[in-house]
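>>> next comes the sequence, and after it the predicted model I'd like to discuss.
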Amino acid sequence: RRLRWGRLATFHMLDTRQYRTDQACGDGVQLSCGDEEQAERTITGPEQERWLLDGLGRSEATWDVIGQQVFFAQSDYAEGPVEAYNMDAWDGYRASRDRILAGIAERGVQNPVVLTGDVHTHWANDLKADFRDPGSQTVGVELVTSSITSGGDGSDAPSYAPAVQRENPHVKFASNRRGYVRARVTARELRADFRSLERVSQPDAPAYTQASFTVTAGRPGLEQVAPRA
C-alpha cells in the first residue's frame, strides 16, 4: 500500500515475504553459491516491483520512504575474498535489488529511505549504486531498527559487526542493543536517533540515544551527528 503525507513524504509499503522466489543457496547465512545472482530471482514479485517503481517515478514528495521487512544493503559476513550472505535478505535476490536501485537512479528519486526490521539489531547503511565499488554513487540510506526485547539485554555491537563493517564500508553503524529508531523528517533533513536500552531485563530501565544520523534533502548519505536525549 502507499501512504502520502502531503508533499513531505510518501510511504511505499512492501511485502517481501509471500511473492518472492525461494531462498538461494540453502537459506540463512551461506557462502555464495552463484544462485543468488540469477537474473530471474525476485523478492517482490514482478507486479509489486512494477508498482514500486511506478510509484517512485510519480511521487512528488521530498522523501520517498520504502517500508519493508528484510536487510536491503549488501552485507558480506566473510572477511577476505570469500563471500557469505544472508540469503533470506535482499542479498539473496541481487538482481531484484539491482533493478530497484537502477530504477531509483533512472527516475531521479532524490531522497529514498529504506526502513527495515527483522534482524533484531540496529544498523545504519548508505545505499550504493554498486555495493562492490565503495566509490560508486550513494543513492539513498537504510535505517534498520532493533527488536523491542528479542535477544535480551544484548551488547553495544554484534560480535560480527567489525568484520561486516570492514567488508562493507557503506555500513555506518551497528548495535546489538534492544530499542527502536526515532526519525524526524522536515523538508530540509531527516534525523534518525537510534534509541537503546542497556537492559531490557530491568523494569523501567531508561532509554538513551546510542547514535544519531542526519540526511540532507537532495544529498543522499548518512552523516553522524551528536546524539540527543
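Received the coordinates, thanks.

>>> which residue is the nearest non-sequential neighbour of S150?
Among residues not flanking S150 along the chain, H120 sits closest, at 5.0 Å (Cβ to Cβ, 6 or more residues apart in numbering). Placement of C-beta: from N, CA and C, glycine included.

>>> tally of neighbours for that neighbour?
Neighbourhood size, H120 [other Cβ atoms under 10 Å]: 17.

>>> how much space separates Y160 from R166?
Separation of Y160 from R166 (Cβ to Cβ, to the nearest Å): 11 Å.

>>> what do you get for Q68?
From Q68 to R166 the distance is 26 Å (Cβ to Cβ).

>>> residues contacting W90?
Applying Cβ atoms under 8 Å, 6 or more residues apart in numbering to W90 gives the contacts 16, 43, 70-73, 96-97.

>>> ok, now F71?
By Cβ under 8 Å, 6+ apart, the contact set of F71 is 86, 89-91, 116, 118-119, 123, 142, 144.

>>> how about the residue positioned nearest the centre of the chain, secondary structure?
Residue closest to the mean C-alpha point of the chain, counted by Cα atoms, centre = their mean, is E142 at 3.4 Å. Here E142 is strand, with the state taken from DSSP: H, G, I helix; E, B strand; the rest coil.

>>> before we move on, back to that, compare Y160 and R166 (neighbour count), which wins?
Neighbours per residue (other Cβ under 10 Å) separate Y160 from R166, with Y160 holding more: 16 against 12.

>>> just give the nearest non-adjacent residue to the more buried one, would you?
Excluding the flanking residues, the one nearest Y160 by Cβ to Cβ, 6+ apart is Y77, at 6.3 Å.

>>> show the contacting residues for the one you found.
Here Y77 is in contact with 29, 84-86, 160, 163-164, 167 (Cβ under 8 Å, 6+ apart).

>>> sweet, I'm off.
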